[in-house]
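Enquirer: Have a look; sequence and predicted model below, questions after that.
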Amino acid sequence: MEDLLAAAAPSEDRLASLCERLFNDKRDVELAALGQVAWPTLQANGRALVFLGRSLLRAGRAEQALAALERLQQIMPGRYEVDYYLGIALLRLQRAADAYSLFSALAEARPQEHRYRLEAGRAAQLVAFGGYGAMPPDRDVLPEALEHLQAANALAPKDFRAPRELAGLLMHLGDTSGALEAAEAAAARAPGSAAAQLTLAGTALRIGRLELAAQAADRAVAAAPENDTAKFTVRFLSHLGQSKHGHAGVAHLADAAEMDVADISRCLQQVDADWMRFGSMQPNSASDLAEKRGFEWAGGIVTSAGAVHHEWLWRRVFLLELIDAGLTPSDGGLRALLALAHKHGAIVEPEDGPGQRDGVGGRVLLISQFGARKFGGAEHFLEQMARLYRDLGYEPLIVGTREELEGETGDVNGIPYVYVGSGPESLLRLAVREEATITHVVSGLGYEVLTGLRFLRGRLIFGVHFWREIFYHPTPSPGYYPDVGIGAEPRPEFNSILRRFDTTYVNSKFTRDTLESSFDLRAPVIYSLPDDEPITEIDPASRDEVLLVNARSDKGFDLLLRVAERLPGRNFVTIATQTERRFAEEAITAMGLDNITVLERTSDMAALYKRARVVMVPSYHFVETFSRVVIEAQRHGTPVIGSDRGNVPLLLAESGTVLQEDPALWAAQIERLFTDEPYWQDQSVAAYENSARYAFAQQRERLSQIVLPIQQPILVGVGSGLGNIIHTTPMLRNLAKRWGRPVDVVVAGDHGDLLFVVSLSGIVNQAFLIGDNVLERRYDTVFLTHSFGAMTPRFSARRTLCSRDWDVFHPNHALHEAEFNLAAADALLGVPYDIDDVRAPYCGDLRWTVPKDRLVGFHAGSKDGVWATKRWPWFAELARQLTSRGIPVASFGTPDEAIPGTIDMTGGNIEQMATRMLNCSQFVANDSGVMNIANSLNIPLIALFGPTNARTRGPLGEASAALVIDKPCAPCELHTSLRTERFLAGQCRCMSEMSVETVLHALLNQSAG
């Protein structure tokens, strides 16, 4: 630069030489400045432009590089190298189609040049996947992408980049063995590349090759010791290995008291054991406890020895992590290390002790990638949660992990924030420094937080707002999840989050159901709601725009183009929220449209919603886990049209319109909202009403209901039949009422869809099916009801209490099964109950109200085998008698239990069946699980009993009645002699003796009363 300024008019050669020197010295900032100052001269200097364009690319200034390289192409046409770098600039700017056009031409002209084939393959992938949401995908070019990458791989057998790209593409195409072969080739070609080794680690993990993945991750750290991703991967894989292989014993280090921290660290690294004991060499009771219960979540275990707690074990990896994070002074020794571990670690204390309990209050870390920068819905959500935590008595701290912002601090709306590194060590240092009581993290950093904080005493909350932790990415891009729900592949490692986080919640019912179907957990819901807005009267005539909030292709921009083409007289507005504005404007120009305005990102969304006649939410390929936009629009009374995928149709079930991906349908509905004023008014009222259903004012209670249980976590085990489980719900309701907080529930049942039955907000926090995920979780107490079963699995809890150790329930017990469960909780947990509590069952979150139309429901079935004797054989005749009186009848249960002449409402899962039962005004059923559902919903019920005892398992609802066979031998399940020869042999026939007239009379009298 100095040379340039010293010369009034430098020659062309001198200018080119100066550019070359600055380029070779990597003085990219100075060369960029020179390009700006001397552009009138440089734009005709081909040699100078070569160095300027490449320097700008290296400096990350793709826009400026493109201008220089396009000018270079004009003055030096046909130069392969110029086209190559121009293609790189286009790729950096996400202009994948233009880049692919260049690279494919280069590959055709020079098919043996591996660089051209490599970049052609990369560009073709972007085209195939639509720039990962930025433009319409074109899957037809996938074979070309594969061909180019395979050619590049063969042409450059020492270059790791082509096989690294191939690994991701082949995995997407379902060729797992080919993907592993490619990843291994990349790692072998570049043993010193962390990127190549991490590709192998990720590929091996996905196909279950844990040891191979760990070896590759170790090499990645060796190649780049400061690489946070590499360090995180090593720790995370180590954690998965420990979970998989279980308890690995106890090691003893006798002379550690005399060592400094560095020596202790070296010794710990040489030990192959989960637990460490310092001092005495004798095995102690803490060792026995670790062996028997595992306590995979604990940093330490202490047991009683008389009046003093002095038998200790310490988690070896936890101690190493504290040292590696630099949390112990370099001149400190064992005493300082163990004091730190004791203060901050999750410690298992004796059953008769108080346990580690933190009251309400203390620091809460709210972690996302962008922190205080509102990049997306997650950041908005966490700022809202920070306000609510503050209202609950906590001290929130918003935490971001963007590398370029590390070290920045400040406050937003009075709430402090900080940016730290995303690696486990950085997160561990922050949590220890802040003495975090709760760490609340959302999708995107779940595994990082798990790996860094897994052994701390502070509680962990994970919010599922996106799919990153749950499913493998269905495309080569690790952050892109189009069309989730169509063949999504669950990530087995997500089980580690379910085991280690104290609560996992979801942001919608759609996400809840998706999670449950893959991981046997029914999670609590905290919606991703916008703040409430005051209702304001807005003149409909001023609403003259159709609004699409996000101009990404996968968010529906392509549909907007086709709709706008059909409605040239309507004004459309969209926002370049997560893509570049020019992409949208180029697409609009290409279609010759003049009725679409593209805005830059704005913070004043309210003004746009108030001008909008209708808001479009056509998220067909980006499947919305919630869709905050729907409720934001409805806060302002704006009607919404949405896609029929993801959570959008659930939000619009009682408001708005749900459509298929057909521009003609969308155009017709939009036009109606403009031309039919009464219809628009009805839709606007419905929008306001739906906004009220999703009022933000409810969020404080939702947050409270997941925070309260984790301070003293309790797990209740229930089973096994549907009726048995419903008989536990009065006890679950009573526990939550008396304790003032929900409990977790584990179900050991004979159906796969029983979690719905016990799940009720405010009563149950999380509901699990029995399995390793719940067995390894951190609980203060586990309480197993009698129906859970006779076997007691190994729970990772301070204490486990079994109802069967107190009393054994049987069909002739003095107490009804529902009251027996309440009495057991009273005896073992000290939770009293009132007689009214016995009559308070529930079935999920369903509420029955008297339907407008009369409908009598039937359940004519029961379990097979011995239980088939409970079936009343005259349901078909009862149906005929009712229908002849003009009373419609419907059958429920499994399809084979449908009664001829009735409306067939059989089939579906338990939740779907129970929801359909809400249409019934009365119900008639055998002694069965479906009968108990009807009773729990408080539907007027006639329950039919013969061989089984109605006194201990019959319906107790005020609207329920039991008809019982009145014979000396009934119920035969109670008779010592008849039980074997008649009941257990399946020979009881007394149900046929209950007449149709008896049941009909009871039903009609019940209706009349």
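Expert: Happy to help now that I have it. Numbers count the residues shown, from 1 in each chain.

Enquirer: Check the spacing between Asp83 and Leu289 real quick.
Expert: 69 Å (C-beta to C-beta, to the nearest Å). Just so you know, the C-beta spots here come from the backbone N, C-alpha and C atoms, and that holds for glycine as well.

Enquirer: How about Leu703?
Expert: From Leu703 to Leu289 the distance is 34 Å (C-beta to C-beta).

Enquirer: repeat for Leu327
Expert: Distance from Leu327 to Leu289, by C-beta to C-beta: 27 Å.

Enquirer: Quick check: closest non-adjacent residue to the residue nearest the centre of the chain.
Expert: In the chain, the residue lying closest to the centroid (C-alpha atoms, centre = their mean) is Val464, at 2.8 Å. What sits nearest to Val464 in space, not counting adjacent residues and going by C-beta to C-beta, 6 or more residues apart in numbering, is Val506, at 4.6 Å.

Enquirer: Surely the one you found touches Pro524?
Expert: Yes - counting by C-beta atoms under 8 Å, Pro524 is a contact partner of Val506 at 7.5 Å.

Enquirer: more crowded one of these two?
Expert: Val506 (27 against 22; other C-beta atoms under 10 Å).

Enquirer: quick one, domains of this structure?
Expert: 2-239, 248-348, 363-522, 540-691, 712-838, 856-1008 (automatic domain parsing).

Enquirer: To what extent is the closest residue to Pro482 other than its chain neighbours buried, counted in neighbours?
Expert: In space, and not counting its chain neighbours, Pro482 is closest to His621: 4.8 Å by C-beta to C-beta, 6+ apart. For His621, the neighbour count with other C-beta under 10 Å is 22.

Enquirer: what pLDDT does His621 get?
Expert: As predicted, His621 sits at a pLDDT of 91.

Enquirer: distance of it from Ser553?
Expert: Counting by C-beta to C-beta, the gap from His621 to Ser553 is 8 Å.

Enquirer: ditto for Ala692
Expert: 34 Å.

Enquirer: So for these two, which sits in the more crowded spot?
Expert: Ser553 (24 against 13).

Enquirer: Asp296 is in contact with Arg499, isn't it?
Expert: Actually, residue 296 is Glu rather than Asp. Yes - applying C-beta under 8 Å as the test, Glu296 and Arg499 come out as touching, 7.0 Å apart.

Enquirer: higher neighbour count, those two?
Expert: Glu296 (23 against 20).

Enquirer: The more buried one - nearest residue in space that isn't next to it in sequence?
Expert: Glu776 (5.0 Å).

Enquirer: what element comes up after the helix or strand of the chain with the lowest mean pLDDT heading to the C-terminus?
Expert: Least confident helix or strand of the chain, by mean pLDDT, DSSP states H and E, is helix 2-6 with a mean of 50. Next along the chain after helix 2-6, taking DSSP states H and E as the criterion, comes helix 12-24.

Enquirer: and that following helix, average pLDDT?
Expert: Mean predicted confidence for helix 12-24 is 91.

Enquirer: Give me the residues contacting the helix or strand that it is followed by.
Expert: Next helix or strand after helix 12-24 toward the C-terminus (DSSP H and E): helix 28-37. Helix 28-37 has contacts (C-beta atoms under 8 Å, 6 or more residues apart in numbering) with 1, 4, 18-19, 22-23, 42, 51-52, 55-56, 58-59, 61, 64, 68.

Enquirer: can you pull out the strands in the stretch 101-250 of the chain?
Expert: 250-253 (DSSP state E, counting those that start in this stretch).

Enquirer: Revised request: answer the last question for the stretch 551-700 of the chain.
Expert: 571-576, 596-600, 612-617, 640-642, 657-658.

Enquirer: for Ala257, what are its contacts?
Expert: By C-beta under 8 Å, 6+ apart, the neighbours of Ala257 are 278-279, 333-335.

Enquirer: From Val745, how far out is it?
Expert: From Ala257 to Val745 the distance is 46 Å (C-beta to C-beta).

Enquirer: how much space is there between Trp255 and Leu878?
Expert: Let me fix one detail, which is that residue 255 is Asp and not Trp. For Asp255, the distance to Leu878 - C-beta to C-beta - is 83 Å.

Enquirer: More neighbours: these two, which one.
Expert: Under the neighbour definition other C-beta under 10 Å, Asp255 and Leu878 were set side by side, and Leu878 has more, 23 against 10.

Enquirer: got a list of what the more buried one touches?
Expert: So Leu878 contacts 858, 889, 924, 996, 999-1000 (C-beta under 8 Å, 6+ apart).

Enquirer: hmm, 6 Å instead?
Expert: 996, 999 (C-beta atoms under 6 Å, 6 or more residues apart in numbering).

Enquirer: try Gln270
Expert: Listed by C-beta under 6 Å, 6+ apart, Gln270 has no contact partners.

Enquirer: for Asp272, same thing?
Expert: Taking C-beta under 6 Å, 6+ apart, one finds nothing in contact with Asp272.

Enquirer: pLDDT score for it?
Expert: The predicted local confidence for Asp272 is 87.

Enquirer: Could you look up the SS state of it?
Expert: Taken by DSSP: H, G, I helix; E, B strand; the rest coil, the conformation at Asp272 corresponds to coil.

Enquirer: Could you check how far it is from Trp297?
Expert: Taken as C-beta to C-beta, the span from Asp272 to Trp297 is 21 Å.

Enquirer: could the domains of the chain go into TSV alongside distance to Gln699?
Expert: Putting those into TSV (distance: least, C-beta to C-beta, whole Å) gives the following:
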stretch	distance to Gln699
domain 2-239	29
domain 248-348	28
domain 363-522	6
domain 540-691	12
domain 712-838	12
domain 856-1008	25
